[in-house]
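Novice: below are the sequence and a predicted model; questions follow.
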Amino acid sequence: SQELEQSPQSLIVQEGKNLTINCTSSKTLYGLYWYKQKYGEGLIFLMMLQKGGEEKSHEKITAKLDEKKQQSSLHITASQPSHAGIYLCGADGINAGNNRKLIWGLGTSLAVNP
Amino acid sequence: GAVVSQHPSRVICKSGTSVKIECRSLDFQATTMFWYRQFPKQSLMLMATSNEGSKATYEQGVEKDKFLINHASLTLSTLTVTSAHPEDSSFYICSAGKGGETQYFGPGTRLLVL
């Protein structure tokens, strides 16, 4: 079965610093999703990547999917305290009923110190 | 937009009682909704896929009789935790799709069973 590995598990940065979070799949990715979660809250959709080499940006967050479609990175430029939270990557998979489902990485916990 | 709500946001109940959690897509119709469970500092665990008008598809290891799912309309799915016990205490999150790949998540329901 497909597995997603995220690194690092946790990250503490000083405000203003850049950072990168990685998500590596054991199989080819056909849809890769990045979400952000504040502790005890729901998930906020950030970006979806499908094509090899694809790159998307939203405000100070950029996500890339490598050409082989097995690794994605999430890069935050000039981090702010509002960027703190748990970042989860998810990938398209198949559930027990042969329908689509999302497979999740374990998440990266980000803290940004002012 | 794509807004998903959950009710209640928090619930405390006595051991042995049943608890119903609602998941609603507020501004779109969702033929499929997903129910997740999340333990502290851990990733999301898919419990079941809820299909409108048909039986839910449960992931391996999830008890169907314990976690009853009903998807009565295109905007509402319910998860009932029957005869809840302290080990059922967790954070339950639902998600729904608009027909495309992206899933939109509710804010979650924190269940505490005493």
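Specialist: Perfect, I can see it now. Residues are numbered from 1 along each chain as shown, chains lettered A, B, ... in the order given.
Novice: residues in contact with residue 77?
Specialist: I'll assume chain A. A:T77 sits next to A:N18, A:K60, A:I61, A:T62 when contact means C-beta atoms under 8 Å, 6 or more residues apart in numbering or on different chains. Glycine gets a C-beta too; all of them are placed from N, C-alpha and C.
Novice: to clarify, I was referring to chain B.
Specialist: B:E22, B:C23, B:A30, B:M33, B:W35, B:S50, B:E52, B:I69, B:N70, B:H71, B:C94, B:A96.
Novice: so it versus chain A, what's the distance?
Specialist: 15 Å (C-beta to the nearest C-beta, to the nearest Å).
Novice: give me the buried entries from the contacts of A:T77.
Specialist: Using 16 or more other C-beta atoms under 10 Å in any protein chain shown as the burial test, these include A:I61, A:T62 as buried.
Novice: tabulate the contacts of A:T77 (a markdown table), appending distance to chain B.
Specialist: Converted to a markdown table, the contacts of A:T77 look like this (distance: C-beta to the nearest C-beta, whole Å):
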| residue | distance to chain B |
| --- | --- |
| A:N18 | 25 |
| A:K60 | 21 |
| A:I61 | 16 |
| A:T62 | 18 |
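Novice: out of everything not next to it in sequence, what's closest to the residue nearest in space to the middle of chain B?
Specialist: Nearest to the geometric centre of chain B sits B:W35, at 3.8 Å (C-alpha atoms, centre = their mean). Nearest non-adjacent residue to B:W35, counting by C-beta to C-beta, 6 or more residues apart in numbering or on different chains: B:M47, 4.6 Å away.
Novice: what helix or strand is that neighbour on?
Specialist: strand B:44-51 (DSSP states H and E).
Novice: helix or strand right after the least confident helix or strand in chain A by mean pLDDT?
Specialist: None of the helices or strands of chain A scores lower by mean pLDDT, DSSP states H and E than strand A:100-104, at a mean of 80. The element immediately downstream of strand A:100-104 (helix or strand, assigned by DSSP H and E) is strand A:108-113.
Novice: now the residue of chain B found nearest chain A: how far from B:P107?
Specialist: Taking C-beta to the nearest C-beta, chain A has its nearest neighbour within chain B at B:T57, 3.4 Å off. Using C-beta to C-beta, to the nearest Å, we find B:T57 at a distance of 24 Å from B:P107.
Novice: these two: who's more crowded?
Specialist: B:T57 (21 against 17; other C-beta atoms under 10 Å in any protein chain shown).
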